[in-house]
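return a 3D structure for these sequence lines:
(chains A, B, C and D)
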Protein chains: 2
Amino acid sequence: MFSKVLVAEDYEIANQGIIKVLNDKIGIHNIEEAKYCDDAYLKFRKAHNDQEVFELLITDLSFREDHKPQTRTSGIDLIKDIRSIQPDIKVIVYSQEDRPDKINMLFENLNINGYVCKGQHAIQELVACVQGVYQGDTVWPPEITNNSAANTMIHLDDLDIILLEELSQGFTKKEIRIKLKKQNISPNSESAIDKRVSKLFDDFKAKNTTHLVAIVKDLGIL
Amino acid sequence: MFSKVLVAEDYEIANQGIIKVLNDKIGIHNIEEAKYCDDAYLKFRKAHNDQEVFELLITDLSFREDHKPQTRTSGIDLIKDIRSIQPDIKVIVYSQEDRPDKINMLFENLNINGYVCKGQHAIQELVACVQGVYQGDTVWPPEITNNSAANTMIHLDDLDIILLEELSQGFTKKEIRIKLKKQNISPNSESAIDKRVSKLFDDFKAKNTTHLVAIVKDLGIL
DNA sequence: GATGTCAATACAGATTTCTGTAATGGAGCC
DNA sequence: GGCTCCATTACAGAAATCTGTATTGACATC
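Prediction:
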């Protein structure tokens, strides 16, 4: 089993809970905790320099801002920075996030080894995840593998995101057209924008622009 | 100090963390935990019937739905039901929620005794909160008392919320007017609705309906 | 009773949205 | 070349939005 683990989680109580589980259920005792991404990174660097490397990083994604200004503000930054120094470190993300597209992204772009969703069965899932990752597996959360939503996802390209962003900021199609022209983004006629947005209406089953923006906000796409 | 405490929190790991803190930092050992509101209520009823009442309830607000159907779906329901039987039980809410208006509501409408925001300093805050509540104080989270946002808040009445909700679901003003008439909600002319929404535009500095919905979604009002 | 205030309502016009149809032009294939 | 397919663009009309002004009635104050 892993002998040295780093836990990055800003919620103190969740932090304590993770440590308790690793202790009681898996028998890992050499655990360091960090409440800030930068702290986690420093502890990692120190261990790396001392040739006593961490074998596993368990990290949250979102870290609240407070008085201490941080260079890294999210677990994603932390993972990238740590992996750039020690590419073979195992990484488990432990987060509230339950949107399939976001979790997919973590596995595909960051090559994380496991994901545990903060929830009612987090203890069992965390234990299974740590054990699976130790054996070399990639451990997806049950919410995702059971859920067909990941497969039937709607593909949005850059323009779609731009349009959604502009619409949510209250710009009219005419204003958006002018903006796109200025930025030399290719489809920039009002009717082309209309067409795109109409397609988004179909995709998300929205009745109008307002409804569309509400839906994508709820889905967390914006 | 409190001798018997009930903890209702669906996130197992947070649950463990709370227990650990109450144990280590305050010396409370008689703690029962529940992952569902209904479970918490049953444990409370049993203790009440056995004349071994809980003196303190620490509860989350939101409980995720899963396969087990629940009659109570939020900590608010739980608090109401428990208080209706044992009005003098002390209640501390421990939640992610950090919006001043929501937290205000808990103190004003539910008369909770303390609030702790899940966060970086939750351990210290929880300890201080439990001790303060034990002494008979009402313990507000530092985020609120320090924050002037609570005072400069925009007041939204029921109609405003209904309108925002309907608009976000893509209904036109005409449809909303008809709905309001059906439900016998008083201001239901299209122009009255227009006026209300225009006021919301001013309040939230929104350019149009789409923008407005995006803003209130971001603020978490919807 | 007279006055002022405020919300609800009615109405109007300019602008924007939404939904069609049709024309254009490039990319790929036979 | 000739062809289809597809995205972009143009245009047009019905519907909805947004912004004003004006009227009414309820309510409180003097």
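
residues from chain A in reach of DNA strand C?
Within chain A, the positions adjacent to DNA strand C are A:172-174, A:191, A:194, A:197-198, A:201, A:207-210 by CB under 7 Å from any atom of the strand. (Glycine included, C-beta is placed from N, CA and C.)

just the buried ones among those residues, please.
A:173, A:197, A:201, A:209-210 (16 or more other CB atoms under 10 Å in any protein chain shown).

go through these and say which is closest to DNA strand D.
Proximity of these to DNA strand D (CB to the nearest atom of the strand) peaks at residue A:210, which lies at 7.4 Å.

that closest one touches residue B:170, doesn't it?
Yes - here residue A:210 reaches residue B:170: they are 6.1 Å apart, a contact under CB atoms under 8 Å.

residues in contact with residue A:113?
Counting by CB atoms under 8 Å, 6 or more residues apart in numbering or on different chains, residue A:113 touches A:90-92, A:133, A:137-139.

ok so, going back, shared neighbours, residue A:210 and residue B:170?
Here residue A:210 and residue B:170 share no contacting residue, scored by CB under 8 Å, 6+ apart.

if we can go back for a sec, now the residues of chain A next to DNA strand C as CSV including secondary structure?
Listed next are the residues of chain A next to DNA strand C as CSV, based on DSSP: H, G, I helix; E, B strand; the rest coil:
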residue, secondary structure
A:172, coil
A:173, helix
A:174, helix
A:191, helix
A:194, helix
A:197, helix
A:198, helix
A:201, helix
A:207, coil
A:208, coil
A:209, helix
A:210, helix
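
could you chop chain A up by domain?
A:5-150, A:158-219 (automatic domain parsing).

return the most buried member of those.
Compared across those, domain A:5-150 shows the largest average neighbour count, a mean of 18 (mean count of other CB atoms under 10 Å in any protein chain shown).

please, which helix or strand holds the nearest residue to residue A:211 once chain neighbours are set aside?
Spatially, and ignoring its direct neighbours in sequence, residue A:211 is nearest to residue B:170 (2.7 Å; CB to CB, 6 or more residues apart in numbering or on different chains). Under the criterion DSSP states H and E, no helix or strand holds residue B:170.

repeat for residue A:166
Using DSSP H and E, residue A:166 falls in helix A:158-168.

got the CA positions of that helix in PDB?
Taking C-alpha atoms only, helix A:158-168 is exported to PDB below (Å, rounded to 0.1, in the frame of the first residue of the first chain):
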ATOM      1  CA  ASP A 158     -15.500  27.500 -29.200                       C
ATOM      2  CA  LEU A 159     -18.000  29.600 -31.100                       C
ATOM      3  CA  ASP A 160     -20.900  28.000 -29.200                       C
ATOM      4  CA  ILE A 161     -19.200  28.900 -25.900                       C
ATOM      5  CA  ILE A 162     -18.500  32.500 -27.100                       C
ATOM      6  CA  LEU A 163     -22.100  32.900 -28.100                       C
ATOM      7  CA  LEU A 164     -23.500  31.600 -24.800                       C
ATOM      8  CA  GLU A 165     -21.100  33.800 -22.900                       C
ATOM      9  CA  GLU A 166     -22.000  36.900 -24.800                       C
ATOM     10  CA  LEU A 167     -25.800  36.200 -24.600                       C
ATOM     11  CA  SER A 168     -25.500  35.600 -20.900                       C
END
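
contacts for that helix?
With contacts defined as CB under 8 Å, 6+ apart, helix A:158-168 is touched by A:156, A:175-176, A:179-180, A:185, A:187, A:193, A:196-197, A:200, A:209, A:212-213, A:216-217, A:221-222, B:210-211, B:214.

and the strands in chain A?
With DSSP state E as the criterion, chain A has strands at A:5-8, A:31-34, A:56-59, A:90-95, A:114-117.

can you say which of those strands is nearest to DNA strand D?
The minimum distance between DNA strand D and the strands of chain A falls on strand A:114-117, with 33.3 Å, by CB to the nearest atom of the strand.

before we move on, the earlier item: can you give me phi and psi for the residue nearest to residue A:211?
Residue B:170 adopts backbone torsions of phi 80, psi 10, taken as degrees, to the nearest 10.

which residues does residue A:62 contact?
Counting by CB under 8 Å, 6+ apart, residue A:62 touches A:74-75, A:95-96.

ok, what's across the strand from it?
Residue A:62 forms beta bridges with residue A:74, as assigned by DSSP bridges.

any chance of TSV for the strands of chain A, columns mean pLDDT?
Shown next, in TSV, are those (pLDDT from 0 to 100):
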stretch	mean pLDDT
strand A:5-8	95
strand A:31-34	92
strand A:56-59	95
strand A:90-95	94
strand A:114-117	92
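
nearest to residue B:103, of these?
With CB to CB, the closest approach to residue B:103 among the strands of chain A belongs to strand A:90-95: 23.7 Å.

tell me the strands beside that closest one, with direction?
Sheet pairing for strand A:90-95, using DSSP bridges, gives strand A:56-59 (parallel), strand A:114-117 (parallel).

you'd agree residue A:119 is up against residue B:9?
No - taking contacts as CB under 8 Å, residue A:119 lies outside contact range of residue B:9: 11.3 Å.

quick one, what contacts residue A:15?
By CB under 8 Å, 6+ apart, the residues touching residue A:15 are A:7, A:9, A:33, A:35, B:17.

kindly report the same for residue A:130.
For residue A:130, the contact set (CB under 8 Å, 6+ apart) comprises A:2, A:22, A:26, A:28, A:56, A:58, A:92, A:114.

look up how far residue A:76 lies from the last one.
Using CB to CB, to the nearest Å, we find residue A:114 at a distance of 15 Å from residue A:76.

thinking again about what came up before, of the strands of chain A, which is nearest residue A:68?
strand A:31-34 (12.2 Å).

list the contacts of that closest one.
So strand A:31-34 is contacted by A:4-9, A:15, A:19, A:22-23, A:40, A:43, A:47, A:54 (CB under 8 Å, 6+ apart).

and the contacts of residue A:15, which two are the farthest apart?
It's A:35 and B:17 that sit farthest apart of the contacts of residue A:15, by CB to CB, at 13.1 Å.

could you name every residue contacting both of these two?
With CB under 8 Å, 6+ apart, residue A:35 and residue B:17 have common neighbours A:12, A:15.

distance of the closest residue to residue A:204 other than its chain neighbours relative to residue A:170?
Excluding the flanking residues, the one nearest residue A:204 by CB to CB, 6+ apart is residue A:215, at 4.9 Å. According to CB to CB, residue A:215 stands 17 Å off from residue A:170.

quick check: the residue nearest to residue A:211 vs residue B:156, distance?
Look at residue B:170 and residue B:156: by CB to CB, they are 20 Å apart.
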